[in-house]
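K.L.:
Let's see this in three dimensions:
(chains A and B)
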Amino acid sequence: GESVGLHLPTLSVQEGDNSIINCAYSNSASDYFIWYKQESGKGPQFIIDIRSNMDKRQGQRVTVLLNKTVKHLSLQIAATQPGDSAVYFCAHGNQGGKLIFGQGTELSVKP
Amino acid sequence: GAVVSQHPSRVICKSGTSVKIECRSLDFQATTMFWYRQFPKKSLMLMATSNEGSKATYEQGVEKDKFLINHASLTLSTLTVTSAHPEDSSFYICSAAEPLAGGSIEQFFGPGTRLTVL
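P.N.:
Below is the predicted model:
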């Protein structure tokens, strides 16, 4: 069945370093992929998305890479800051609008 | 960006009582809203899809008589946890969807409701 999962449950980085969070998915029919940031006790916050016909998309300090050959998605955060500490989820969706979430990676930024 | 609110933000109730959670889209009309459940240190699990004016579509394993969903208007959906038990304690999150060009939709998430059943 459909699934979206993450390779690592936790990631610790030094402030100022770049962070890379990975995600694997199994449904090759997904139309788009989204990265969300969730802080403790809050709802998910949209970070960036990428459509299935793209390989890379950049935002402010974030880049999402999509490798459809190996069904792999990554989120790169440049110059990681303490405010980036949160749980990051990848999710995939289709035209129907339903989102399937991955398991999440908890990012900790050390000062 | 679009704003979605949830009320209450947290609720504590006794076992056997029912609890209603509201989800509102504040600055746009949402024909579709989604309800998720999240356990500590876990991912969001989709419970049901709610379309305005029609019955909700529940995911496999979600009891529709336990989790009553009503989407009476384009800006309000409610989730009622009936006869709540301690195992229903969880973080409930809604999202409201806005259609985009090309047929896809974008989901905007509420801040969540923490339910604790004693």
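
K.L.:
tell me what the strand or helix carrying residue B:106 is packed against?
P.N.:
Assigned by DSSP states H and E, residue B:106 belongs to strand B:105-109. Packed against strand B:105-109 by the contact rule (3 or more CB pairs under 8 Å, 6 or more residues apart in numbering or on different chains; DSSP states H and E) you find strand A:45-51, strand B:90-99. No exception for glycine: its C-beta is placed from N, CA and C like everyone else's.

K.L.:
how far does stretch A:14-31 stretch from start to finish?
P.N.:
34 Å (CA to CA, to the nearest Å).

K.L.:
Kindly report the same for stretch B:39-46.
P.N.:
Counting by CA to CA: the opening and closing residues of stretch B:39-46 are 12 Å apart.

K.L.:
right, and the helix or strand after the lowest-mean-pLDDT helix or strand in chain A?
P.N.:
Each helix and strand of chain A was given a mean pLDDT (mean pLDDT, DSSP states H and E); the minimum falls on strand A:4-5 at a mean of 56. Using DSSP H and E, the helix or strand that follows strand A:4-5 towards the C-terminus is strand A:10-14.

K.L.:
Confirm for me that residue B:33 is in contact with residue B:97.
P.N.:
Yes: if you go by CB atoms under 8 Å, residue B:33 and residue B:97 touch, sitting 6.8 Å apart.

K.L.:
more neighbours, the two?
P.N.:
Neighbours per residue (other CB atoms under 10 Å in any protein chain shown) separate residue B:33 from residue B:97, with residue B:33 holding more: 30 against 25.

K.L.:
element containing that one?
P.N.:
strand B:32-38.

K.L.:
Surely residue A:111 is in contact with residue A:81?
P.N.:
No: counting by CB under 8 Å, residue A:111 sits too far from residue A:81 to count as a contact (9.7 Å).

K.L.:
Return every residue with contacts to both of those two.
P.N.:
Taking CB atoms under 8 Å, 6 or more residues apart in numbering or on different chains as the contact rule, residue A:111 and residue A:81 both touch residue A:15.

K.L.:
quick revisit: could you export the helices and strands packed on strand B:105-109 to JSON lines, including columns for distance to residue B:40 and mean pLDDT?
P.N.:
Shown next, in JSON lines, are those (distance: least, CB to CB, whole Å; pLDDT from 0 to 100):
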{"stretch": "strand A:45-51", "distance to residue B:40": "19", "mean pLDDT": "94"}
{"stretch": "strand B:90-99", "distance to residue B:40": "8", "mean pLDDT": "92"}
